[in-house]
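Student: Below are the sequence and a predicted model for it; my questions follow.
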Amino acid sequence: MAIGGLIGLLDDIAALAKLTAASLDDVSAAAGRATAKAAGVVVDDTAVTPQYLQGVTAERELAIVKQIALGSIRNKLIFILPVALLLNHFLPALLPIILMVGGTYLAFEGAEKVWHKLSGKHDDDKPAVEKGPEAEKKIVSGAIRTDLILSAEIMVIALATVSHQGFWSQLASLVVVAFVITILVYGVVALLIRMDDIGLKLAQRESSGMKAMGRGLVTAMPKVLATISVVGTVAMLWVGGHILMVNLGADGTGWFNAPYEWVHHIELGISETTGALGGTLGWSFNTLCSAVIGFLVGSVVGGAAPHSHQEGACRVGVGSEVSSRHLNARHQGGHFCGIRGGYFP
């Protein structure tokens, strides 16, 4: 009798283990699908973040990336996830409105950067940490605010992918998505901003091949990072405008369908009539329209005036603007801007 009970207990444990494994497989698969769906915004997030490291000395970069990454995971788990799940179950009509508020903020940020660049003004080239901890805190808080909007869209897209599942499966899937995307985004950002340091070390190796690779990295990274800075600004306008366009239409509030329907109709026409490149060209048209909408809305919100850009940022160290003074400071262990040119022996 005791043996029969033990066998029955073991059968129950085995069945529970199988059920748990199946549930974990479901969560893993759902998280994978949700992450893939949000890939476009993830790329935008990765492009936007390095801009906030302008004005940061080299020795503080990774510490600040860590602070922003912790703020990002806090955004996702403490603020976005509970609100998104509750609204999705009780007030789903509010989700697109909240997204539009975030999209407007992104559009404003992007338009402000464009107007600042067009104004011809230059920021103070003094590194943020030399201005004091308050300037560094502003950089981190600004990055975390922008991350909040991008993370909200990522999590809402992910939630839509798993909306057919039960509450607990949704919760588990979104927690996995939050960690995977945060690690992915800020891991890539950390790698990008330290790539020239990797180049410096390679350039000091004995091997001529390693030296050439190191010199190539150091030479290329200022241009790569300058390009990423431009892409980040475009991404703010694109994502902000797209959020507004989609959520104003039938996929969101249903208040004003015309812009999305017009853009989507032309996008399909381009895709169907341009052969193998149709998908890319159609997507490019949609992206351009989204960016224009983002710029117009952001300019209206910001008063279309060139505002003083991020306190604590600096423009030195971007592409060809690097001066020998800054290169020498880098060589001598002095301060040097985060989005920077490199030095190699």
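Tutor: Perfect, thanks for sending it. Residues are numbered from 1 along each chain as shown.
Student: Could you count how many residues lie near Met195?
Tutor: Counted by other C-beta atoms under 10 Å, the residues lying close to Met195 total 17. All C-beta atoms are positioned from the backbone trio N, CA, C, and that covers glycine.
Student: contacting residues for it?
Tutor: By C-beta atoms under 8 Å, 6 or more residues apart in numbering, the contact set of Met195 is 217, 221, 224.
Student: buried residues in stretch 206-222?
Tutor: Judged by neighbour count using 16 or more other C-beta atoms under 10 Å, the buried positions of stretch 206-222 are 211, 213-215, 217-218, 221-222.
Student: Quick one: distance of that stretch to the chain centre.
Tutor: How far stretch 206-222 lies from its chain's middle: 28 Å, per C-alpha atoms, centre = their mean, to the nearest Å.
Student: now it: mean pLDDT?
Tutor: On average, the pLDDT along stretch 206-222 is 88.
Student: Please save the CA atoms from it in PDB.
Tutor: Only the C-alpha atoms of stretch 206-222 are listed here, as PDB (Å, rounded to 0.1, in the frame of the first residue of the first chain):
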ATOM      1  CA  GLU A 206      52.800  42.600 -31.900                       C
ATOM      2  CA  SER A 207      50.900  41.100 -34.800                       C
ATOM      3  CA  SER A 208      50.700  43.400 -37.800                       C
ATOM      4  CA  GLY A 209      47.200  42.100 -38.600                       C
ATOM      5  CA  MET A 210      46.000  42.900 -35.100                       C
ATOM      6  CA  LYS A 211      47.600  46.400 -35.300                       C
ATOM      7  CA  ALA A 212      45.800  47.000 -38.600                       C
ATOM      8  CA  MET A 213      42.500  45.900 -37.200                       C
ATOM      9  CA  GLY A 214      43.000  48.100 -34.100                       C
ATOM     10  CA  ARG A 215      43.900  51.100 -36.100                       C
ATOM     11  CA  GLY A 216      40.900  50.500 -38.400                       C
ATOM     12  CA  LEU A 217      38.500  50.300 -35.400                       C
ATOM     13  CA  VAL A 218      39.900  53.500 -33.900                       C
ATOM     14  CA  THR A 219      39.700  55.400 -37.200                       C
ATOM     15  CA  ALA A 220      36.200  54.100 -38.000                       C
ATOM     16  CA  MET A 221      34.500  54.500 -34.600                       C
ATOM     17  CA  PRO A 222      34.100  58.300 -34.500                       C
END
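Student: sorry, back to before: as CSV, the buried residues of stretch 206-222 with distance to Ala58 and secondary structure would be great.
Tutor: Listed next are the buried residues of stretch 206-222 as CSV, based on distance: C-beta to C-beta, whole Å; DSSP: H, G, I helix; E, B strand; the rest coil:
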residue, distance to Ala58, secondary structure
Lys211, 21, helix
Met213, 21, helix
Gly214, 17, helix
Arg215, 19, helix
Leu217, 15, helix
Val218, 13, helix
Met221, 12, helix
Pro222, 13, helix
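Student: Take the residues you listed and write them to JSON lines, including distance to Ile98.
Tutor: What follows is those, written out as JSON lines (distance: C-beta to C-beta, whole Å):
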{"residue": "Lys211", "distance to Ile98": "52"}
{"residue": "Met213", "distance to Ile98": "47"}
{"residue": "Gly214", "distance to Ile98": "47"}
{"residue": "Arg215", "distance to Ile98": "48"}
{"residue": "Leu217", "distance to Ile98": "42"}
{"residue": "Val218", "distance to Ile98": "44"}
{"residue": "Met221", "distance to Ile98": "37"}
{"residue": "Pro222", "distance to Ile98": "38"}
